[in-house]
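J.: sequence? don't have it. structure:
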């Protein structure tokens, strides 16, 4: 006798009944909270009035910030693309000795927060500043966002199309541009979008090299006028720019399919064997990246630690900051992963327009800079819930809004790989829906949940702007402690904070790399 709670066609893969009330309610609550920053931007726009908007926005300062932002993006993205795609090709398609080690090292800069890159180079070259410095340091900090997805695609591409193109007389260069590059379109667009959003949201890197961006200007305005209209208006402009780039990404992606359809399994890639002079030449690119993005920060940190001696580790606030960072990051990663599960489960098991829209709302909010989300929560708590202002609850809510997409993407992939039939079997044996999810879905999706939690943990440990604005009085994380000391030009005292941040992030970056390699079957 069929269990009436699961009325699904054998091969449909889609439930015909409604999801459980508890899961649906949790998903709605998370989505409503995720819309707070957008509601904040809309509210300040509607209540400010045209005269205020015109006075605050149509002025030379805003034009200067907009020009800086556009120049930064225009100069950074093409260089990132050329170097990132080149590195991916070298490590995935050639027989370069130690290419798996090079691949891991090219991923490792993710474990070095952007503001620590800036700190390292400023302490080495005090005169470094302006647009050129911003482009250079952004390249070092965000190159893995291009390299990782492109390398993953190259790792999994079926070379059959390339063999067919070669049999038709196309040169290797023509094959790359006409066959391989189009198949990397989604990976490239995803990496570009992620890089652009980070460029728009970054504060610490640009503030240290005295490069004016919307985020640095908003933070300065907030500190001088405390939630003044100028800061809110700039936050609205920054949000609009983020939305424009998201819409451009959707438009460019289109609806083209990139999956392989056909019988059999994909052929294995055959790496290109290189002559000695080519090995030496091609090794220069990953070597230069590793030296500049990892070598310089580590040497700089070791130099300041040497100058500080053993005493630099005796700062009581250092270990308190480490303890608070671990607590905030662990709790934040757990809350974010739990909050993401209802949305991920609904979007996979019930792919209906409503649930896809709810999922998209969280991606949209997650693309906003942390400073905009922090300003929204400051306004909300001051007006609607004053007891929550500058409390750990508000800070954790900011972390959930900021990093929910990281956990959501990982969980969605893990749930999609969990056979739905196992849930049906458990339900037919009398298990309640919540028990089915706990016993079957969560256990099989645990590796994906761990990846999402690791990504969230890395983000929270190095988060700066939202933590500076929302953390309770007396709270000191490694990131805020480091920022406070570098603002006082005390690079020696700041060095152990920076080293601990890197040591917390690098092992998790290695874990994520191994997960990616395991998913690719290597």
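T.: Right, received. Where do you want to start? The model shown is predicted, which means the values in this text are computed figures rather than measured ones. Numbers count the residues shown, from 1 in each chain.
J.: After the lowest-mean-pLDDT helix or strand in the chain, which helix or strand is next?
T.: The helix or strand of the chain with the lowest confidence, counting by mean pLDDT, DSSP states H and E, is helix 433-436 at a mean of 66. Note on helix 433-436: by DSSP states H and E, the next helix or strand toward the C-terminus is helix 442-444.
J.: quick one: what helix or strand has the nearest residue to residue 232 once chain neighbours are set aside in it?
T.: Nearest non-adjacent residue to residue 232, counting by Cβ to Cβ, 6 or more residues apart in numbering: residue 44, 4.5 Å away. For every residue, glycine as well, the C-beta is placed using N, CA and C. Element membership of residue 44 [criterion: DSSP H and E] is helix 36-57.
J.: Now do that helix: everything it contacts.
T.: The contact list for helix 36-57 (Cβ atoms under 8 Å, 6 or more residues apart in numbering) reads 62, 229-230, 232-233, 235-237, 239, 364-365, 368, 372-373, 375-377, 379-380, 401.
J.: Separate out the buried members of those.
T.: Buried residues within the contacts of helix 36-57, defined by neighbour count using 16 or more other Cβ atoms under 10 Å: 62, 229-230, 232-233, 235-237, 239, 364-365, 368, 372-373, 375-377, 379-380, 401.
J.: Show the pLDDT at the residue nearest to residue 232.
T.: What the model reports for residue 44 is a pLDDT of 77.
J.: before we move on, what about residue 135?
T.: Reported pLDDT for residue 135: 95.
J.: ok, now residue 223?
T.: 72.
J.: got it, and residue 187?
T.: Residue-level pLDDT assigned to residue 187 equals 78.
J.: Skip the chain neighbours and tell me the closest residue to it.
T.: Closest residue to residue 187 apart from its sequence neighbours, by Cβ to Cβ, 6+ apart: residue 149 at 3.8 Å.
J.: Check the gap between the one you found and residue 166 for me.
T.: With the distance defined as Cβ to Cβ, to the nearest Å, residue 149 ends up 26 Å from residue 166.
J.: Count the residues that sit near residue 212.
T.: 19 (other Cβ atoms under 10 Å).
J.: scratch that, residue 134
T.: 26.
J.: ok, now which ones touch it?
T.: Contacts of residue 134 (Cβ under 8 Å, 6+ apart): 72, 76, 205, 206, 209, 211, 213.
J.: Is the fourth one part of a helix or strand, or is it coil?
T.: Secondary structure of residue 206, reduced to three states by DSSP: H, G, I helix; E, B strand; the rest coil: helix.
J.: per-residue pLDDT, it?
T.: 92.
J.: For it, which non-adjacent residue is spatially closest?
T.: Nearest one to residue 206, counting by Cβ to Cβ, 6+ apart, is residue 213 at 4.9 Å.
J.: pLDDT at the one you found, what is it?
T.: pLDDT, residue 213: 89.
J.: And residue 169, by the same measure?
T.: 76.
J.: residues near it, how many?
T.: 7.
J.: can you tell me how far it sits from residue 157?
T.: 21 Å.
J.: wait, isn't residue 390 in contact with residue 472?
T.: Yes: applying Cβ atoms under 8 Å as the test, residue 390 and residue 472 come out as touching, 5.3 Å apart.
J.: Same drill for the two, tell me which one is more crowded.
T.: residue 390 (16 against 12).
J.: Just say helix, strand or coil for the more buried one.
T.: Going by three-state DSSP: residue 390 is coil.
J.: Apart from its chain neighbours, what residue comes closest to residue 498?
T.: That would be residue 116: by Cβ to Cβ, 6+ apart, it lies 4.9 Å from residue 498.
J.: how near is that neighbour to residue 45?
T.: In terms of Cβ to Cβ, residue 116 sits 36 Å off from residue 45.
J.: More neighbours: which of these two?
T.: Neighbour totals were compared for residue 116 and residue 45, and residue 116 leads with 29 against 15 (other Cβ under 10 Å).
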